[in-house]
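Novice: The following comprises the amino acid sequence and a computationally predicted model.
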Amino acid sequence: MSSRETKIKTFKDLKEYFQEGSTCMIHCAIVGRSSLVSYRHHYIVLGHTWCSVCESIEIIHFSASANESSNGKVLKETYSKKNLEEDIQNGLYIIENDAYPKNEEQYGQALARFQERENKENYCVMINNCEHLVNYILTGEHTSDQIKEMGAYKKVVAHVCNISLSSNQLIPSSLSGASAECSRRNPPPSAITCKSCGRNLPSSSSVTKRGISS
């Protein structure tokens, strides 16, 4: 898979990718560093869940608190504008790929793959990390470019340390920790409610080219 990256400099730039009323899955990666190895944490922003009232959005990711081991849990959770701005400050990139969903049927398949992994806790930096998860959901391929490109020494260090998602506070402590309810229907429902304030969001019955390919 050939990917394109765009570094996000401001929250306004990131909002250009949000698609109210149109199904939108945005592949994000932020720069992180453990005590020994630099790496990227990957997650999916559901751009159609942006609520302009409480300034929150939903993301899909491997979640871990400071009190958990490296076995993070696959969840859909609420992320605030502050969380996104912190990620931008740390170094946030949007990754686009022609293999990502392009229509409602493909989005439904991606959602089904998330539901298959939802609440699973088998995180492993070498064979089941956050990038593996995002690529699997968006394309069906369980791959991680950063592991493929990692040198032998770094692979040994990463394997020994089994880098935790919370190793440098990439997952803010402000997250609610409660998994949002996923629809079991395919394609997703047209009516979406903000999980933070209860506001009815615009219909997401359509898919935009930019939204679904981000």
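Specialist: Structure's in. What do you need?

Novice: Now do the helices for the chain: every range, in order, please.
Specialist: Per DSSP state H, the chain carries helices over the ranges 11-15, 81-91, 104-117, 130-139, 145-148, 152-161, 209-213.

Novice: Name the stretch among these that sits most buried.
Specialist: For those, the largest average neighbour count (mean count of other Cβ atoms under 10 Å) is found in helix 130-139, namely a mean of 24. No exception for glycine: its C-beta is placed from N, CA and C like everyone else's.

Novice: on that earlier part again, S22: which of the helices of the chain is closest?
Specialist: Of all these, helix 209-213 sits nearest to S22, with 4.9 Å by Cβ to Cβ.

Novice: so who does the closest residue to V31 other than its chain neighbours touch?
Specialist: Leaving out its chain neighbours, the residue that sits closest to V31 by Cβ to Cβ, 6 or more residues apart in numbering is G91, at 3.6 Å. Going by Cβ atoms under 8 Å, 6 or more residues apart in numbering, G91 touches 7, 30-31.

Novice: how far away is P202 from V74?
Specialist: Noted for P202: a distance of 27 Å to V74, by Cβ to Cβ, to the nearest Å.

Novice: between these two, which one's more packed in?
Specialist: Taking neighbours as other Cβ atoms under 10 Å, P202 and V74 compare with V74 leading, 23 against 14.

Novice: Enumerate every residue touching that one.
Specialist: V74 makes contacts with 60-63, 114, 117-121, 133, as judged by Cβ under 8 Å, 6+ apart.

Novice: from those residues, which ones fall inside strands?
Specialist: Of the contacts of V74, the ones assigned to strands by DSSP state E are 60-63.

Novice: what number of residues lie near T6?
Specialist: 14.

Novice: list the contacts for it?
Specialist: 93-94, 96.

Novice: Poorly predicted segments of this protein, please.
Specialist: Low-confidence segments of the chain, defined by pLDDT under 70: 1, 33-38, 64-71, 148-190, 203-214.

Novice: same thing but 80
Specialist: 1-2, 21, 32-39, 64-72, 125-126, 146-191, 203-214 (pLDDT under 80).

Novice: Go through the strand of greatest length in it and flag the buried ones.
Specialist: Identified as the longest strand of the chain according to DSSP E is strand 38-51. Residues of strand 38-51 classed as buried: 39-51 (neighbour count, 16 or more other Cβ atoms under 10 Å).

Novice: now stretch 118-132
Specialist: Buried residues in stretch 118-132, defined by neighbour count with 16+ other Cβ under 10 Å: 123, 125, 128-132.

Novice: As CSV, these with distance to S2 would be great.
Specialist: Shown next, in CSV, are these (distance: Cβ to Cβ, whole Å):
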residue, distance to S2
Y123, 27
V125, 24
N128, 23
N129, 21
C130, 20
E131, 16
H132, 18
